Every structure is written in structure tokens, then in C-alpha cells.
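Peer 1: My questions concern the predicted model and sequence given below.
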Amino acid sequence: MTEADRRIAPLAAEHTRALAECHIACWREAYVDLVPAHVLDAFDIDRRAEQWERNRVKYPGRTWVALAGAEVIGFAGAGETLDDPPEPAHQLYALYVRSPWYGTGLADELLHAALDPAAAYSLWVFERNPRALAFYRRHGFELDGTSRVEAFSPSIEVRMVRRPGPVRLDRVRGPRPSPRE
């Protein structure tokens, strides 16, 4: 598959199993040094697919998938914040791309699809993930001084916040998705 063959689409029922496979693979690729191996090994594709299907039905339009043919190669999801207090009101829940697609602009495209440029967003990222921290800084997110222990590991997560404004697409090489058609 070439970059020209990929596309961004809203999560649909036919994507949930492939999304579960992608989600687990992304965690295993990105977090090998941050999350204990027994946690990464315990992820179950069937269970994750069921969770994604429940989320798809309950929150339509909240998750976007990057596809290369029928294969899900990345995804992003955003919606109302899960933080308390709810400031800002929106949160980027997840943004993952399979490692062969690193550096292609795919993550930029997914971020553009998932975020409303007129809204402020927060996100949580591993403190010891310099690649992700740099990516989010390029897109206007800044550390706000809040941290917590991640739910599945002893790793520390830090919160980043982006005020309303355009999502930077200076690295996008492929066609831009239309996030709000």
C-alpha cells in the first residue's frame, strides 16, 4: 500500500475488529519500555473489539480510523473531557499510528479529523514519551502541570492542553480529510 492508498474514515462496524488489532499492536509497539510486558501481553483482541463496538454505537462520530485497504493502520478519538473538573470541555482520548506509518503525516491527518479547531482540548500522554510530547507540542498542546499515575502501569502521565485554533498540518503529505462533513 502506498500513502495515496490510505484514507481516513469515521469508525464503522466493519472496522471494529481491525481497530482492536491496531490498538493492541500500537500499544505493544509504542510502550514496550513504559508498560510492563505482562500488561501488554494480556490484551485480548475479541474483548477489545467488543469495547470498540460498544463505543461506536454509544458515541457515533467520535472515533476516526486510518485505513490502508481494509487494514486499520491508525486511529484517533475525541469527545467530552473525562477529567474532573471538566476544563477544558473536550479531550483527545487516543491517537495511535502503526510504526510502519511513523513520519508519514498520518498522525497529523488523524488529529485534524478528530479535533474541532474551534474548541480547546486536553490529552494525557506518558511523561517518558518524548516522541509524543514533541508531536503534540507541534500541534499547539502545552503541559499544564498536571500529572497522574497511568491506570495500567506505574508510569506517569502528564496532561497537555491546546486552546482553540487551527490544527497544524505542516507535515501532511497526503490528502486532508474532511472532519465535519
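Peer 2: Looks like it came in fine. Numbering: from 1, shown residues only.

Peer 1: So what's the residue count around S155?
Peer 2: The number of residues packed near S155 is 17, by other C-beta atoms under 10 Å. (C-beta placed from N, C-alpha, C; glycine too.)

Peer 1: Name the secondary structure element that contains L111.
Peer 2: According to DSSP states H and E, L111 maps onto helix 106-114.

Peer 1: Ignore what I typed, I meant F75.
Peer 2: Applying DSSP H and E, one finds F75 within strand 71-80.

Peer 1: Roughly how far does the most far-flung residue of the chain relative to its centre sit from S155?
Peer 2: Note on the chain: the largest C-alpha distance from the chain mean falls to H38, namely 22.7 Å (C-alpha atoms, centre = their mean). As judged by C-beta to C-beta, to the nearest Å, H38 and S155 stand 14 Å apart.

Peer 1: Same question for F141.
Peer 2: In terms of C-beta to C-beta, F141 sits 19 Å off from S155.

Peer 1: least trustworthy helix or strand in this protein by mean pLDDT?
Peer 2: Ranked by mean pLDDT, DSSP states H and E, the weakest helix or strand in the chain is helix 37-42, scoring a mean of 90.

Peer 1: what does it contact?
Peer 2: For helix 37-42, contacts defined as C-beta atoms under 8 Å, 6 or more residues apart in numbering pick out 27-28, 31-32, 152-153.

Peer 1: Output those as a markdown table; include the columns neighbour count, secondary structure and pLDDT.
Peer 2: Below are the contacts of helix 37-42 laid out as a markdown table (neighbours: other C-beta atoms under 10 Å; DSSP: H, G, I helix; E, B strand; the rest coil; pLDDT from 0 to 100):
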| residue | neighbour count | secondary structure | pLDDT |
| --- | --- | --- | --- |
| W27 | 18 | helix | 94 |
| R28 | 15 | helix | 95 |
| Y31 | 19 | coil | 90 |
| V32 | 10 | coil | 88 |
| F152 | 15 | coil | 79 |
| S153 | 15 | coil | 83 |
